[in-house]
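Asker: got a predicted structure here, sequence first:
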Amino acid sequence: MTGKFITFEGIDGVGKTTQIKLVAQHLTESGQQVVITREPGGTAIAEKVRSIVLDPTLQLSVRTEALLFMASRSEHVEQIIKPALLAGKTVLCDRFCDSTFVYQGLTHGLKVEDLADLKALNLQATGGILPDLTIVLDADPEQLLQRRNERGIADRFENKGLAFQENLRQGFLALAAAEPERIKVVNALGSVEEVSEKILSIIIRNV
Ligand code: Z5A
């Protein structure tokens, strides 16, 4: 694979979508071919899975949830991510495997060292394609409340409250501490431009 695979992670509404667009713009201007995608989603089937897993009216067990995210990922890797990487493109993906490790693992009482089963499932879903670099946008959930409220209707995960968001935050920080080479933490509370500058300097140094 000659392309680079960069994922963006963090708690809900922390600014991933905003920052991915700016990174894409910068990389495109510097001559790279860029693909923006997201999880769950990216393909017709994966978008259908997305509508199930985010539906606040459905009760899913954590195992069902994990398997649905993996099924969606398998489609997504096969149809979008792998062909783009083979063509030498840079893939910017809004959430990927670390979201599964946090949302379906660490927030359900697992520790980073207990993630072997989820990691094995993930390996099957991705065929071994893993991010070259992961940016975790980090912020105190309380300080993001206003951003989230302005957005209106909440999905199944956003409905779970501040303590859950703090739990998620600690999960992403724990993953970053365990894999500091791949996962870089960026403070998401500056202006859009300040955060973007930090992300770009990490990408330039690490990819
Ligand atoms: N999930 C899972 O459980 N397991 C998995 O394996 C995977 C996912 C892959 C997907 O939700 C859900 O699926 C997610 C985890 C779960 N949980 N939730 N909820 P999603 O894709 O619909 O949503 P999201 O990823 O959580 O977040 P988002 O809605 O896409 O938000 P964001 O991309 O991080 O933020 P944004 O849209 O760029 O910014 C939010 C607002 O803040 C917006 O109005 C911006 O204009 C504003 N903003 C952004 N940056 C700034 C700064 N710097 N200053 C001020 N305002 C800003």
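Answerer: Perfect, I can see it now. Treat the numbers as computed from the prediction; the structure is a model and nothing was measured.
Asker: list the buried ones in the top helix by length along the chain?
Answerer: Counting by DSSP state H, the longest helix found in the chain is helix 162-178. By neighbour count on 16 or more other CB atoms under 10 Å, the buried set for helix 162-178 is Phe164, Gln165, Asn167, Leu168, Arg169, Gly171, Phe172, Leu175, Ala176. To be clear about C-beta, it is placed using only N, CA and C from the backbone, and glycine gets the same treatment.
Asker: contacts for it, please.
Answerer: Contacts with helix 162-178, where a contact means CB atoms under 8 Å, 6 or more residues apart in numbering, come from 9-12, 98, 101-103, 105-107, 111-112, 136, 138-142, 144-145, 157, 183-185.
Asker: and stretch 194-206, by the same measure?
Answerer: Contacts of stretch 194-206 (CB under 8 Å, 6+ apart): 6, 15, 19, 22-23, 26-27, 133, 135, 137, 184, 186-188, 190.
Asker: between the residues you listed, which is nearest Leu60?
Answerer: Leu137 (26.0 Å; CB to CB).
Asker: picking that back up, averaged pLDDT, the longest helix of the chain. What do you get?
Answerer: Mean pLDDT, taken over the full extent of helix 162-178, equals 96.
Asker: so what touches the helix or strand that that helix is followed by?
Answerer: Using DSSP states H and E, the helix or strand that follows helix 162-178 towards the C-terminus is strand 183-187. For strand 183-187, contacts defined as CB under 8 Å, 6+ apart pick out 9, 98, 133-139, 172-173, 175-176, 195, 198-199, 202, 206.
Asker: my guess is Val91 contacts Leu85. True?
Answerer: Yes. Contact criterion CB atoms under 8 Å: Val91 and Leu85 qualify, at 6.2 Å.
Asker: more crowded one of the two?
Answerer: Val91 (26 against 20; other CB atoms under 10 Å).
Asker: for that one, phi and psi?
Answerer: Backbone torsions for Val91, taken as degrees, to the nearest 10, come to phi -100, psi 120.
Asker: ok, it - contacts?
Answerer: Gly3, Lys4, Phe5, Ile6, Val34, Val35, Thr37, Ile80, Ile81, Ala84, Leu85.
Asker: give me the element the residue located most distally from the centre of the chain is part of.
Answerer: Each residue of the chain has a distance to the centre, and by CA atoms, centre = their mean the biggest one is for Gly31: 24.8 Å. If you go by DSSP H and E, Gly31 is not part of any helix or strand.
Asker: report pLDDT for it.
Answerer: Predicted confidence (pLDDT) at Gly31: the value is 97.
Asker: pull the lowest-mean-pLDDT helix or strand in the chain out as PDB, backbone CA atoms only.
Answerer: Scoring the helices and strands of the chain by mean pLDDT, DSSP states H and E places helix 145-150 at the bottom, with a mean of 75. Extracted C-alpha coordinates of helix 145-150, given in PDB (Å, rounded to 0.1, in the frame of the first residue of the first chain):
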ATOM      1  CA  LEU A 145     -21.800  21.000  25.900                       C
ATOM      2  CA  GLN A 146     -22.700  24.200  24.000                       C
ATOM      3  CA  ARG A 147     -21.300  22.900  20.700                       C
ATOM      4  CA  ARG A 148     -23.400  19.800  21.200                       C
ATOM      5  CA  ASN A 149     -26.600  21.600  22.200                       C
ATOM      6  CA  GLU A 150     -26.400  23.800  19.200                       C
END
